[in-house]
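1. Using only what follows, build the 3D model:
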Amino acid sequence: MPYTFGYGSNMASRGLAAKGVRALGARPARLRGWKLAFDVPSVFRKVEGSVANVVETTDRAAPAEVHGVVHEVDEEGLARLDAIEALGILYERRLLSVQTYGGDTLQAETYVGRPAICDATLRPSARYIRVLVEGAKEQEIYPAWIAFLRNTPLHVPPRLGPFELPAGNL
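-> Residues are numbered from 1 along each chain as shown. Down below sits the predicted model:
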C-alpha cells in the first residue's frame with residue numbers, strides 16, 4: 001500500500017473522506033529540506049486565492065521543513081487523489097522521504113505544484129487556512145506549526161458593489 005504525505009487539506013481525515021479516499025493509517029510527519037508555499041492557484045481563485053504547495057529549498061543556512069501527515073492509502077485512493085489534485089495540470093507527484101514524529105523514515109507520494117502554474121503573489125483564503133489548522137490539530141501536528149499556519153498572510157477577495165436591478169421593465 002502506498003503512503004501519501006498530506007500537508008494541505010489532505011491532512012484531515014474528514015477532508016480525505018469527502019474526496020472518497022479511505023486512509024488505512026495516519027501519522028504526523030515532516031518533510032525536511034522543503035518549505036510550505038501557497039502558490040498553486042485555487043480553481044476558485046477570485047474567492048479562495050491559492051492552495052498549499054511544497055517547494056524544495058536550497059538555503060542551507062535556514063533549514064526548512066514542512067509538517068503534515070503520512071496516510072496509508074490503497075491504489076484506488078491514490079488514483080482518486082491524482083484526479084482531485086489535477087495531476088499533470090496543477091501538481092506532479094513525487095516520491096519523497098518523510099520522517100514521522102515517531103522517527104520512522106518513509107517514502108511517501110507527495111503532490112508538488114507544477115512550476116509553470118505557480119504564482120508566488122497568491123495567498124490562501126481564511127477558510128482554507130481554517131481547514132489546514134483543523135486537520136493539523138486533529139492529527140496532533142506540533143503546536144508551533146499550527147501557529148505558523150494561523151499567521152499565514154491571507155487572500156482578500158475583491159469587494160463587489162451592491163447589487164442593482166437593471167433599468168427597464170422586468
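2. which SS class is the spatially closest residue to Leu90 that is not a sequence neighbour?
-> Nearest residue to Leu90, sequence neighbours excluded (CB to CB, 6 or more residues apart in numbering): Val40, at 5.6 Å. Just so you know, the C-beta spots here come from the backbone N, C-alpha and C atoms, and that holds for glycine as well. Here Val40 takes the strand state, with states given by DSSP: H, G, I helix; E, B strand; the rest coil.
3. measure Val40 to Tyr142 for me?
-> Noted for Val40: a distance of 24 Å to Tyr142, by CB to CB, to the nearest Å.
4. quick one, which of those two is more surrounded?
-> Neighbours were counted for Val40 and for Tyr142 using other CB atoms under 10 Å; Val40 has more, 23 against 13.
5. before we move on, the earlier item: could you tell me the model confidence score at the residue nearest to Leu90?
-> pLDDT recorded at Val40 is 97.
6. Do I have it right that it meets Asn53?
-> Yes. Assessed by CB atoms under 8 Å, Val40 is found in contact with Asn53 at 4.8 Å.
7. what touches both of these two?
-> Residues touching both Val40 and Asn53 (CB atoms under 8 Å, 6 or more residues apart in numbering): Tyr91, Gly113, Cys118.
8. Alright, I will stop here.
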